[in-house]
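Novice: Would you be able to build a 3D model of this:
(2 chains)
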Amino acid sequence: MDTFSLLAQGLLTAIEPINLLYALIGVTLGTAVGVLPGIGPALTVALLLPVTYKLDPAGSLIMFAGIYYGGMYGGSTTSILLNTPGESASIVTALEGNKMARAGRGGPALATAAIGSFVAGLIATIGLAFVAPWIVSIALSFGPAEYFALMVLAFMTVSAAFGESTLRGLTALFIGLTLGLVGIDLQTGQARLAFGIPDLLDGIEVTTLAVALFAVGEALSVASSRAAAQQTIVPVKGSVWMNREDWARSWKPWLRGTAVGFPIGAMPAGGAEIGTFLSYSMERQLTKRPEEFGHGAIEGVAGPEAANNASAAGTLVPLLTLGLPTTATAAIMLAGFQQFGLQPGPLLFSSNPQLVWGLIASLLVANFMLLVLNLPLIGLWVRLLAIPAPWLYAGILMFATLGTIGANPSTFELGMLLAFGVLGYMLRRFGYPIAPVVVGLILGPLAEQQLRRALSISQGDPSILVGSPIAITLLLLALAAVVVPLILRARGKGQALAQLGANED
Amino acid sequence: MSLGGGSGAGRRPDWAALAIAAALAMVAGVIVWSTAGGTSGGGYARIGPAAFPYVIAAGLFLLAIWTAIAAWRGDFPKREPQQLGPLAWIVGGLIAQMLLLTTAGFSIATGILFAATARGLGRGPLWLTVPVGIVLAFVVWLIFARLLQLSLPAGPLERLF
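Specialist: The predicted structure is shown next:
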């Protein structure tokens, strides 16, 4: 009941005309950028962060919510029409969706993705509204030791549990943690790893790192491997509307996908792709037309797309209630909060309820706008897909540097962008995942803070870290997240884990 | 991303991956050196600003050893041959933008980056792409610096308006 009134208040904030305008701009920009090949939601959010610099916190976060959902939707359009998933969560969509598009059913594929995203986003956002206060009430009882254990768990699941290699995942995480050390220590004011360079005292900007790793690294990677085979866009023929049969085959996968995706996103494990893979195999088992799978089954688009969006809303649960980013996108959103001095977490719900509930309500509004906007505008998005790679990447780098210059117009910052861009290229070349670097950078200092807080409470006695059942459970789960995949890989079952690999998000 | 599992043939040590291991160990060394020299005293709690860097350095060092073993056994995924020319164009464009930004202003510096990137991906000629890039960057500058009040460095071109 309380949730309802808070959500209603949030909706009142969200439908103020100026906020509606912010949401509309966010959704449009998010879709337009997200639809470009090679750009996933994480990069979309990072590239568009500068647009929100000059707004007030509420307006900026509302625009952000729109960008986030728009970027997600844009990504699925790319995978259906171009078969180049911009992010790992869209791989499955590309599997069946592109086949449908080739069979001349691109319209219904896009429609079931859009409506499925809407249904999933709606249910998951309402789920978020109901789950969040409950987790906040638990989280209020957490001490620093529990927070530290939770962050260790997030580190391990993001880096080691899924993907091709535990070694490379952990290495990526530690690169991020190392970068997180740079700058002034929050508790004592001492400079660490700054090497006497004043520009480094403030630490490394999350947006600079993310844009460099994702945009510059990707551009270098595409340019150097001439294997970038000519991609063909499948034209959308015929009606974009779904017929009666499409509806009948779609609505159950939407709901099942949502049911799978939301809990997975909400757990401090991250990775929307896990939900999409589960949903895909589930639909494959349950379908009445197994022969269509692999040749463009609409269920294989509807279910995973819903799972993808539901788990995107799910990742907001740990982000908003615990301040815990579990994907690269969430890490960048956390940076967006921090630019206004806001620290997401249980306290934000009591100190700034209008803002939090305004944001949750805006997600609903953004979701609705996407549905209204996208079906009629499909033709426009398709045209964006046709931009040739040279112009596309030239434009991407223009905006990537624009964001960095806008945040801090200095030669040094651009130098860091270049250095991290080369790092991103090397990471790609040697098969290292990117997301753990970004998560490590932003979560490392927070974890250190909690660790030191816990140890000052206990006056240096480390047993406080395993002093409560919650902390012990979380640490054991973290250990399992490292050890179990190692054993599975040693037994030659690594293929399945590699499939679940978190690549970009 | 290429899938893992070099099949049988790749049993030679992977020198590039060994270099990564060396680089990781070196970063660990730099952390220890910088922490030992720079940060002092942890206050009353035994765990001060130096503790976490040491933990991370230790982790990096262990990962360096692990990477070296993996490299020796050829466990790294196969890599495609790379072309260095296009890379040099893009990196060069970024460096040019970096150096020109404060003197030539946002539009000219970014226009050059635009042209260099397009060239790296196989589109030219530069006499055409540089002006196109500058015009595009100038439009972006108008939108972001004038409309959204972002502080983007102005050069001779921007000062005309």
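Novice: Flag every residue of the stretch 1-150 of chain A that's near chain B.
Specialist: Residues of the stretch 1-150 of chain A lying near chain B by C-beta under 8 Å from any C-beta of the partner chain: A:Pro50, A:Val51, A:Tyr53, A:Lys54. (Glycine included, C-beta is placed from N, CA and C.)
Novice: next SSE after the lengthiest helix in chain B?
Specialist: Counting by DSSP state H, the longest helix found in chain B is helix B:84-120. Using DSSP states H and E, the helix or strand that follows helix B:84-120 in sequence is helix B:126-141.
Novice: That next one: which residues count as buried?
Specialist: For helix B:126-141, a neighbour-count test (16 or more other C-beta atoms under 10 Å in any protein chain shown) marks B:Thr129, B:Val130, B:Gly133, B:Ile134, B:Leu136, B:Ala137, B:Phe138, B:Val140, B:Trp141 as buried.
Novice: got the contact list for the closest residue to the first one other than its chain neighbours?
Specialist: Setting aside the residues directly before and after it, B:Thr129 is nearest to B:Ala115 in space (C-beta to C-beta, 6 or more residues apart in numbering or on different chains), at 3.9 Å. Under the criterion of C-beta atoms under 8 Å, 6 or more residues apart in numbering or on different chains, the neighbours of B:Ala115 are A:Ala394, B:Gly93, B:Leu126, B:Thr129, B:Val130, B:Val132, B:Gly133.
Novice: now do A:Leu443
Specialist: Listed by C-beta under 8 Å, 6+ apart, the contact set of A:Leu443 reads A:Met151, A:Ala154, A:Phe155, A:Gly180, A:Leu324, A:Pro325, A:Ala331.
Novice: Dump these to a markdown table, plus secondary structure.
Specialist: What follows is those, written out as a markdown table (DSSP: H, G, I helix; E, B strand; the rest coil):
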| residue | secondary structure |
| --- | --- |
| A:Met151 | helix |
| A:Ala154 | helix |
| A:Phe155 | helix |
| A:Gly180 | helix |
| A:Leu324 | coil |
| A:Pro325 | coil |
| A:Ala331 | helix |
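Novice: between these, which is nearest chain B?
Specialist: For the contacts of A:Leu443, the minimum distance to chain B (C-beta to the nearest C-beta) is 8.7 Å, reached by A:Gly180.
Novice: how about the closest residue to that closest one other than its chain neighbours, what does it touch?
Specialist: Distances taken as C-beta to C-beta, 6+ apart place A:Gly444 nearest to A:Gly180, at 3.3 Å, with adjacent residues excluded. Contacts for A:Gly444 were tallied using C-beta under 8 Å, 6+ apart; they are A:Gly176, A:Leu177, A:Gly180, A:Leu181.
Novice: Which elements pack onto the helix or strand A:Leu24 falls within?
Specialist: Assessed by DSSP H and E, A:Leu24 sits inside helix A:17-34. Contact here means 3 or more C-beta pairs under 8 Å, 6 or more residues apart in numbering or on different chains; DSSP states H and E; on that basis helix A:17-34 packs against helix A:2-14, helix A:41-48, helix A:57-82, helix A:353-385.
Novice: Wait, B:Pro49 touches A:Gln190, no?
Specialist: Yes - shown here, B:Pro49 and A:Gln190 form a contact pair, counting by C-beta atoms under 8 Å, at 5.0 Å.
Novice: which one of the two has more residues nearby?
Specialist: Taking other C-beta atoms under 10 Å in any protein chain shown, B:Pro49 and A:Gln190 do not tie; B:Pro49 has more neighbours (25 against 16).
Novice: Confirm that that one sits in a strand.
Specialist: No - B:Pro49 is assigned coil when assessed by three-state DSSP, not a strand.
Novice: what's the helix or strand bottoming out on mean pLDDT in chain B in contact with?
Specialist: Within chain B, no helix or strand scores below helix B:156-159, which has a mean of 80 by mean pLDDT, DSSP states H and E. Defining contact as C-beta under 8 Å, 6+ apart, one finds that helix B:156-159 is touched by B:Ala104, B:Gly105, B:Phe106, B:Ser107, B:Ile108, B:Ile134, B:Phe138, B:Trp141, B:Ala145.
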